[in-house]
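Q: sequence and predicted structure below; questions after.
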Amino acid sequence: MSGVAALAARWVGGAGNGRVLARLVGVVALATLAPALAARSEAAALALQLSGPAQFEFAGYYAALWKGYYNEAGLDVEIRPSGAPGAAAVDPVHEVTDGHAQFGVGTAGLVVQAGQGMPLLLLAPIFQSSGAAVYYRTDGDFASPGALVKARVGRPSATDILDLELTTALRGDGIDPTEIRSVPLDPGQVATALADRRVDAAIGSAWTVPWRARARNLTLKSFNPADYRVEFYGDTLFTLARFARVDPEVVQRFRAATLKGWAYALDNPDEIASRLVSGFPPPPGITDAGGFARYQADIARRLTRYPEVQLGHSDPERWNRIETALAGVGALVRTTGPDSFVYDPAAEPLGTRWRDIIVVVAAALAAIAVAGLLLWRPRRRTASTTAAEPPSLQAAAAAAPVPPSISVPNPVDLNAMLFALEPSLRKRVPAPVDFRLSLLPELWPCHADGDAVAVLIGELVDVAADELNAGGLKASDALIVGTRNAAFDPASVGDFPGAHVGEFARVTVRDNGPGLSDEAFERIFDPDATQRPAVAAAAPEMVRLGGFARVESAVGIGTAVHLYFPRSTRSEPTVAPAAPTRRQKAGVSRAASSVRGR
């Protein structure tokens, strides 16, 4: 006799006649539930393949394992690092597609592999930003893609996601990537190559480059390629699409437990960093393992944007822009659309708790039906379950410093304004100049006077068009009006005279005309001597709004005028910036903003 049958016999046999019905209902329900309960008791054995060694870049996965979140979800998980000392690097995509692991961690380059036909499903981007940056020494002046034309640029292989991000930024800034003097360079050697002056600048990762540079007493500056094209996601959890179809609940439970682990790791970085340091050898080339783990913990919090952004937040439109950008630089032959490779949490299967509740209710109803047929004593049973609503996605923003004397206008959507202005702006630009908008869809709302800004942008476009016309119009001439988000912390604000700590929406009017001479550049904000009166007029207007203006220019490359508008906040207090000097009032940033090479 089976265990369930034996239990049923004892249960019914011990009942009085008045309790037979109740016991019979329980027997039928128990018999119905037994297979489901047995299945739930068996933990699914799974493997997760990381893309690097055991370090804080992967802390959330280890936290989910160590704190028992995977086990609570009925999952038996093995985490496999890559790139251990003396061992060859392992490709997570190949491990997953070959069936050696069920889950992997990759970069936004997964989009390329999905476009090549690999049946990948991107479950959750852990990092909202990739951390890619172009690094250069402080004695250099390579603060934008245009400046790299005069530099020796260290670059990894053309298929590396870091190089693809650089290439999209160059294209987005109107620069032909073939004009760059490229030096083949392994990403792990960026700091060394810059210190040895083998290169003037190099694309690298925030996860390692600043730390390795600090170890060599080397001070670096950098710019973010995302400011000139689309912002790429960083490390992303993925699986096979067919695995998600066959066992969607395991995928849902693994994803949920992983995100719970990441929340714990970010809330308790010292604890998880200590366990990583004590339990694993340091990554290759790292001598101060503890310091490096704490450094990466800060990077992880910055790149996840936790807790302001929900962990694992994935925007299909942003994935679409990433795919389009990669197709634009030849990394993809065709685009397939994010619906084919991005996981939709809204379509997650019912969780195990709900599934078991439904099974219980169904079993009870079946038992009632059987009892009614046997004893002709029908009973009616009702049950209700209330599920708590998931926490809403919180939005938080630091208050941009605005002088208290300023009358702050209502928040403005600069993208909507520029989109409406496009027809009139286009008429101001002579043929054959290529005029286009390059708008960041996720642009922050900002404090600005819409009418005044419209006039400013129109005048900046006019003077840029005049500059192109004076240089002799060519088919390759381009004039781009773009928007980006920009943030300045106390560590970076010193590189930008006139800037102050805070978050800003930036509008840029960029041309690839003849550029400004040294004399013209020095007088750019002088209303009595400038070659571009619209630029000189923009400076005090930006100060009035609590923002600032910057100009970049290089002879033979072109000129870019950047206007920074304070990000709009609802309730945080405004703070007045320190009193600016005469030169800072103009917003000139010669040292860090000019793209002239030295």
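A: Alright, I've got the coordinates. Everything quoted here is computed from the prediction, not taken from an experiment.

Q: just checking, residue 443 touches residue 485?
A: Yes: under the criterion of C-beta atoms under 8 Å, residue 443 makes contact with residue 485 at 6.3 Å. In short, each C-beta sits where N, CA and C put it, glycine included.

Q: quickly list what's touching both of those two.
A: Contact criterion C-beta atoms under 8 Å, 6 or more residues apart in numbering; residues shared by residue 443 and residue 485: residue 505.

Q: quickly find the element holding residue 63.
A: Residue 63 is part of helix 59-66, with elements assigned from DSSP states H and E.

Q: who's in contact with that helix?
A: 48, 50, 54, 69-70, 77, 79, 105, 126, 257-266, 268-269, 272-273, 275-276, 296-297, 300.

Q: for the record, mean pLDDT for that helix?
A: For helix 59-66, the mean pLDDT works out to 98.

Q: where does pLDDT dip in the stretch 301-450 of the chain?
A: 348-410, 441 (pLDDT under 70).

Q: now the strands for it?
A: Taking DSSP state E, counting those that start in this stretch as the test, the strands found in the stretch 301-450 of the chain are 411-412, 434-438, 446-447.

Q: got it, and the stretch 1-150 of the chain?
A: 44-49, 75-80, 103-106, 120-125, 132-137.

Q: what's the spatially most central residue of the chain in contact with, if anything?
A: The centroid of the chain falls nearest to residue 128 when counting by C-alpha atoms, centre = their mean (2.0 Å). With contact taken as C-beta under 8 Å, 6+ apart, residue 128 is in contact with 231, 233, 234, 303, 304, 305, 309, 313.

Q: same question for residue 57.
A: 207, 235, 296, 299, 300.

Q: among these, who's most crowded?
A: Within the contacts of residue 57, residue 300 tops the neighbour count with 27 neighbours, counted by other C-beta atoms under 10 Å.

Q: got the contact list for the closest residue to that one other than its chain neighbours?
A: Distances taken as C-beta to C-beta, 6 or more residues apart in numbering put residue 56 closest to residue 300, at 5.9 Å, once the chain neighbours are dropped. Applying C-beta under 8 Å, 6+ apart to residue 56 gives the contacts 265, 269, 272, 273, 276, 293, 296, 297, 299, 300.

Q: tell me how the chain divides into domains.
A: According to automatic domain parsing, the chain is divided into the following domains: 3-41+352-375, 44-129+234-345, 132-228, 411-593.

Q: buried deepest among the strands of the stretch 301-450 of the chain, which one?
A: Of these, the one with the most neighbours on average (mean count of other C-beta atoms under 10 Å) is strand 446-447, at a mean of 26.

Q: how distant is it from the center of its chain?
A: Here strand 446-447 is found 23 Å from its chain centre; the criterion is C-alpha atoms, centre = their mean, to the nearest Å.

Q: tell me which helix or strand comes right after it.
A: Using DSSP H and E, the helix or strand that follows strand 446-447 in sequence is helix 450-470.

Q: which outside residues touch that next one?
A: Here helix 450-470 makes contact (C-beta under 8 Å, 6+ apart) with 409, 412, 414, 417-418, 421, 424-425, 428-430, 433, 477, 479, 481, 507, 509-514, 531-535, 537-538, 541, 559, 561, 563, 565.

Q: select only the buried ones of those in PyMOL?
A: A single PyMOL command selects the buried members of those (16 or more other C-beta atoms under 10 Å):
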select buried, resi 409+412+414+417+418+421+425+428+429+433+477+479+481+507+509+510+511+512+513+514+531+532+534+535+537+538+541+559+561+563+565
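
Q: which of the contacts of helix 450-470 fall within helices?
A: Of the contacts of helix 450-470, the ones assigned to helices by DSSP state H are 414, 417-418, 421, 424-425, 428, 533-535, 537-538, 541.

Q: including distance to residue 120, could those residues go into CSV?
A: Below are these laid out as CSV (distance: C-beta to C-beta, whole Å):
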residue, distance to residue 120
414, 36
417, 39
418, 36
421, 40
424, 44
425, 41
428, 45
533, 53
534, 48
535, 47
537, 51
538, 46
541, 48
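
Q: pick the one among those residues closest to residue 142.
A: Of all the ones in helices among the contacts of helix 450-470, residue 142 sits closest to residue 535, with 22.7 Å by C-beta to C-beta.

Q: how about the closest one, what does it touch?
A: 460, 463, 524, 525, 549, 551, 561 are the contacts of residue 535 under C-beta under 8 Å, 6+ apart.

Q: burial count for residue 426?
A: Neighbours of residue 426 (other C-beta under 10 Å): 14.

Q: now do the contacts for residue 171.
A: Per C-beta under 8 Å, 6+ apart, neighbours of residue 171: 177, 229, 328, 329.

Q: please indicate which of these are buried?
A: By 16+ other C-beta under 10 Å, the contacts of residue 171 give 177, 229, 328, 329 as buried.

Q: okay, these in TSV with distance to residue 317 next?
A: What follows is the buried ones among the contacts of residue 171, written out as TSV (distance: C-beta to C-beta, whole Å):
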residue	distance to residue 317
177	26
229	15
328	16
329	20
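
Q: how about these, which pair is most distant?
A: Checked with C-beta to C-beta, the buried ones among the contacts of residue 171 reach their widest spread between 177 and 229, with 12.2 Å between them.

Q: quick check, pLDDT for the closest residue to residue 558 other than its chain neighbours.
A: In this structure, residue 558 finds its nearest non-sequential neighbour in residue 512, 3.9 Å apart by C-beta to C-beta, 6+ apart. According to the prediction, residue 512 has pLDDT 83.

Q: so what's residue 512 up against?
A: Applying C-beta under 8 Å, 6+ apart to residue 512 gives the contacts 174, 468, 476, 477, 478, 557, 558.

Q: same deal with residue 438?
A: Residue 438 neighbours (C-beta under 8 Å, 6+ apart): 172, 229, 480, 481, 482, 483.

Q: just to check, the last one is in contact with residue 419?
A: No: with the criterion set as C-beta under 8 Å, residue 483 and residue 419 do not qualify as a contacting pair; they are 10.3 Å apart.

Q: which of the two has more neighbours?
A: Legend: neighbour count by other C-beta under 10 Å for residue 483 and residue 419, higher for residue 483 (24 against 12).

Q: tell me where the stretch 151-300 of the chain has strands.
A: Going by DSSP E, counting those that start in this stretch, the stretch 151-300 of the chain shows strands at 152-155, 181-184, 201-205, 220-223, 236-240.

Q: please identify the most buried of these.
A: strand 201-205 (a mean of 28).

Q: and it with strand 132-137, angle?
A: 140 degrees (axes from the mean of the first three to the mean of the last three C-alpha atoms, to 10 degrees).

Q: picking up where we left off before, which among the strands of the stretch 301-450 of the chain is found nearest to residue 333?
A: strand 434-438 (23.8 Å).

Q: give me the angle between the closest one and helix 414-428.
A: Using the same axes, to 10 degrees: strand 434-438 against helix 414-428 is 180 degrees.

Q: output strand 434-438 as PDB, restricted to C-alpha atoms.
A: Once non-C-alpha atoms are left out, strand 434-438 reads as follows in PDB (Å, rounded to 0.1, in the frame of the first residue of the first chain):
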ATOM      1  CA  ASP A 434      23.100  66.800 -43.400                       C
ATOM      2  CA  PHE A 435      20.900  68.100 -40.600                       C
ATOM      3  CA  ARG A 436      19.600  65.700 -38.000                       C
ATOM      4  CA  LEU A 437      18.400  65.300 -34.400                       C
ATOM      5  CA  SER A 438      20.000  62.900 -32.100                       C
END
